[in-house]
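Colleague: return atomic coordinates for the entry below.
(chains A and B)
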Amino acid sequence: MTGKQKNMLTRIIVSFILYAGVLALGKTGVTEQFSGTWLYFLLFLIPYGIIGWDIVYKAVRGIINGQVFDENFLMTIATFGAFGVGEYSEAVAVMLFYQVGELFQNYAVTRSRQSITELMDICPEYANIEENGELRRVDPDDVEVGAVIVVKAGERVPLDGVVVSGTSMVDTSALTGESVPRGVSAGSEIISGCVNGSGLLRVKVTKTFDDSTVARILELVENASSKKARVENFITRFARYYTPAVVLAAVVLAVVPPVLLGGSFGEWIRRACIFLVISCPCALVISVPLSFFGGIGAASRIGVLVKGSNYLEALSQLDTIVFDKTGTLTKGEFCVAGIYPENMGTGELLELAALAENYSSHPVAESIRQAYRESCEKGDTPDVSRLGEVREISGRGICAIIDKDEVLAGNGKLMEEHGISYRKCEEIGTIIYLSRAGKFAGSILIADSVKDHAEEAVRKLKESGVRRTVMLTGDRREVGEAVAGKLGLDEVHAELLPADKVERVEKLLGELPDNKKLAFVGDGINDAPVLTRADIGIAMGSMGSDAAIEAADVVLMDDDPAKIARVVKIAVKTMHIVRQNIIFALGVKALVLLLGAFGMANMWEAVFADVGVSVIAILNAMRALRAK
Amino acid sequence: MKKKFKLTDLDCANCAAKMEAGIKKIDGVKDASVSFMTQKMMIEADDDRFDEIMKEVVAVCRKVEPDCIINM
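Modeller: Numbering: from 1, shown residues only, chains lettered A, B, ... in the order given. Just a heads-up that it's a prediction; the model follows:
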């Protein structure tokens, strides 16, 4: 609790005790003869003054400033009205209950704001600079590009840079939602916001603080709340008319029935006061943005940046999702996708290939060596002592002597030229055929491999209600269709130029049902126009691809397409909560207004309809933060 | 020019909405947002008249929520 809130709590307690005292005095009969007298009234004024002086003060100040319809004014009129019609105890009770509600509401909002900002607590406070062998703490803002900073174990990396020396495991979870730490060593790029897990790192700064990842992310998240969803704008507009309308209704209620029907003004004024208490739209005005804020917070916790509540709203209506292929569904890098040995083990074939390709600088050779290193537990290089003479045959492949046998590794032509009968591999990609001592040994498929979670991503999206999944690619038709088939995508359009992609997306946009949205997922490299054209542009953040982060509405920090389905789930849940809150708040208010008009509701219920509903709506809104 | 300010003691969400509407009406303000959640205000206005405009902004905010302080 803040000091202000503690202060309020004290006032509530003191006022409550005094109020109970005066009430008890009334019950014992001591003041019976005073009932309805000035003294009785004055006694109630004491707790009222303690609890409500600031409200009355603010109301007066509001009127001077021309702010007629604010909450303070309405509460003042309502309680003065109650005093006026002789309901002293009710007047105090209403003010007391109102303040309790306000305090609780204030507390809940402070807490939720804290828990949301804690999630985004990635801002480093200092950077260590080494000077004459001593470490000095400086503001990250003051560190220049090219300077070398020191990051100790447990510290947050303050600026983007390249590791100069040291090895460590860094925790990127605050940025990507990925809980497995990443290993870094000299030469690795490191981004700000990560936490250094173990060793001491020296990092050469490559970006100023304002350009580094942390500053950019914070900027995005802070701006997110200024892009409002349709519902939010609706609520703001609604609030503008709601209060004056209810106040007007209260005036009518206080004057018209007694004049027309005769009878006392007192009862009708009491009913009008009930209207005034309910006329504040706070429950809606607070809880709707809070729900969205919570939803955006929940998304950033799993490493997805949503740049505005409008996009969260759009995600909940996702109908068609269009993927770019390379870098989005596939890794965009070549690696061994299949090993098909003939009369030998997979490991043996891979080792043979790795040996033969040991000295080659061709990307295919690199990916084979990479696969071999990964297949060996110790990450060994192949035993080169087995290797004899190696010849590179341009446009064909390699001829190497391994264990005194002649080993050929290359394309089909190489096999044919050496008269080796080989089994043709029908897979899509680059295929390396191998032979040993004149006999076919098998083939290795090198392809741009599909991301680990790509299939799951498509499946989960379909489960979450996405009707149409489309892939656009500039790649060859057969490659595109192979990938789409493997992932279970509904449609694929291949051999497209970047301009064709925009055209395709526009056509798909035209085919959307009403109130449904289209998202485009790309790596942002040459699809920025498509990202902006789609209702929701989702980009692979890829740890610092600036163009993508700029152009997109939603950024996947760790490039994992499976996160899209999760963020859709969060969006749907957030929208549920928003709708619940709107219906609940308006429902209760309408009900109490109706009951109040017919004299069936009292002040207590009115205060509940005001602050009680707010508190419940806020608590409900907080569920959005915990959406998974 | 776009500028951001931190707000202290912005206690009611409806006031934030009112402030935002009021600031947007000021002559020379291109865009403005008052976020109750982040307790921040963003103002985009003409460069040469920025200081003048800020004075008006302060006046508008004082009218709506006198307790709220703009940290400049």
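Colleague: only C-alpha atoms from now on, for both contacts and neighbour counts.
Modeller: Fine.
Colleague: what's next to the longest helix along chain B, contact-wise?
Modeller: Criterion DSSP state H: the longest helix present in chain B is helix B:50-64. Here helix B:50-64 makes contact (C-alpha atoms under 8 Å, 6 or more residues apart in numbering or on different chains) with A:62, A:65-67, B:1, B:15, B:18-19, B:22-23, B:26-29, B:45, B:68, B:70.
Colleague: tell me which residues in it are buried?
Modeller: B:50, B:53-54, B:56-58, B:60-64 (16 or more other C-alpha atoms under 10 Å in any protein chain shown).
Colleague: try stretch A:9-19
Modeller: Buried-residue list, stretch A:9-19, by 16+ other C-alpha under 10 Å: A:9, A:11-12, A:15-16, A:18-19.
Colleague: kindly report the same for stretch A:350-365.
Modeller: In stretch A:350-365, counting by 16+ other C-alpha under 10 Å, buried: A:350-358, A:360, A:364-365.
Colleague: in JSON lines: the residues you listed, plus pLDDT.
Modeller: Listed next are the buried residues of stretch A:350-365 as JSON lines, based on pLDDT from 0 to 100:
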{"residue": "A:Leu350", "pLDDT": "86"}
{"residue": "A:Glu351", "pLDDT": "86"}
{"residue": "A:Leu352", "pLDDT": "86"}
{"residue": "A:Ala353", "pLDDT": "87"}
{"residue": "A:Ala354", "pLDDT": "87"}
{"residue": "A:Leu355", "pLDDT": "86"}
{"residue": "A:Ala356", "pLDDT": "86"}
{"residue": "A:Glu357", "pLDDT": "85"}
{"residue": "A:Asn358", "pLDDT": "84"}
{"residue": "A:Ser360", "pLDDT": "80"}
{"residue": "A:Val364", "pLDDT": "79"}
{"residue": "A:Ala365", "pLDDT": "82"}
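Colleague: what about the residues you listed, which are in helices?
Modeller: Reading helices off these with DSSP H, I get A:350-356, A:364-365.
Colleague: what does chain B put close to chain A?
Modeller: Residues of chain B found near chain A (C-alpha under 8 Å from any C-alpha of the partner chain) are B:11-14, B:17, B:33-35, B:37-38, B:63-64.
Colleague: quick one on the thing from earlier: which one of the buried residues of stretch A:350-365 is nearest to chain B?
Modeller: A:Val364 (50.1 Å; C-alpha to the nearest C-alpha).
Colleague: give the contact list for the closest one.
Modeller: A:Val364 neighbours (C-alpha under 8 Å, 6+ apart): A:334-335, A:446.
Colleague: where do the helices sit along chain B?
Modeller: Under DSSP H, chain B gives helices at B:13-25, B:50-64.
Colleague: now the angle from the shortest one to helix B:50-64?
Modeller: It stands for helix B:13-25. Going by axes from the mean of the first three to the mean of the last three C-alpha atoms, to 10 degrees, helix B:13-25 is angled at 150 degrees with respect to helix B:50-64.
Colleague: and helix B:13-25, what does it pack onto?
Modeller: Under the contact criterion of 3 or more C-alpha pairs under 8 Å, 6 or more residues apart in numbering or on different chains; DSSP states H and E, helix B:13-25 touches helix A:282-301, strand B:29-35, helix B:50-64.
Colleague: out of those, flag the one nearest A:Ala108.
Modeller: Nearest of the helices and strands packed on helix B:13-25 to A:Ala108, taken as C-alpha to C-alpha: helix A:282-301 at 10.8 Å.
Colleague: tell me the average confidence for the closest one?
Modeller: Averaging pLDDT along helix A:282-301 gives 82.
Colleague: strands paired with the helix or strand that comes right after it, and their directions?
Modeller: Downstream of helix A:282-301, the first helix or strand assigned by DSSP states H and E is strand A:304-306. Strand pairing for strand A:304-306, determined by DSSP bridges: strand A:554-556 (antiparallel).
Colleague: got the buried residues for the strand it pairs with?
Modeller: A:554-556.
Colleague: any idea of the angle the next helix-or-strand element following it forms with helix A:282-301?
Modeller: Heading C-terminal from strand A:554-556, the first helix or strand you meet, by DSSP H and E, is helix A:562-597. Helix A:562-597 runs at 170 degrees relative to helix A:282-301, counting by the same axes, to 10 degrees.
Colleague: figure out how far helix A:562-597 is from the centre of its chain.
Modeller: Centre-to-centre, helix A:562-597 and its host chain are 19 Å apart (C-alpha atoms, centre = their mean, to the nearest Å).
Colleague: for it, which helices and strands make contact with it?
Modeller: By 3+ C-alpha pairs under 8 Å, 6+ apart, helix A:562-597 packs against helix A:265-278, helix A:282-301, helix A:309-315, helix A:454-463, helix A:613-622.
Colleague: now the longest helix of chain B and strand B:29-35, what's the angle there?
Modeller: Going by the same axes, to 10 degrees, helix B:50-64 makes 40 degrees with strand B:29-35.
Colleague: which residue comes closest to the residue nearest the centre of chain A once chain neighbours are left out?
Modeller: Chain A has A:Ala299 as the residue nearest its centroid, 2.3 Å off, counting by C-alpha atoms, centre = their mean. Leaving aside its chain neighbours, A:Ala299 sits nearest to A:Val567 (6.0 Å; criterion: C-alpha to C-alpha, 6 or more residues apart in numbering or on different chains).
Colleague: go on, B:Met41?
Modeller: Here the residue nearest B:Met41, using C-alpha to C-alpha, 6+ apart, is B:Val34, at 4.4 Å.
Colleague: those residues of chain A touching chain B, which are they?
Modeller: Contact residues, chain A versus chain B (C-alpha under 8 Å from any C-alpha): A:62, A:65-67, A:106, A:113, A:222, A:225-226, A:236, A:281-282, A:285-286, A:289-290, A:293.
Colleague: buried subset of the residues you listed?
Modeller: Buried members of the residues of chain A next to chain B, counted by 16+ other C-alpha under 10 Å: A:62, A:67, A:106, A:113, A:222, A:225-226, A:236, A:281-282, A:285-286, A:289-290, A:293.
Colleague: count the neighbours of A:Asp514 for me.
Modeller: 7 (other C-alpha atoms under 10 Å in any protein chain shown).
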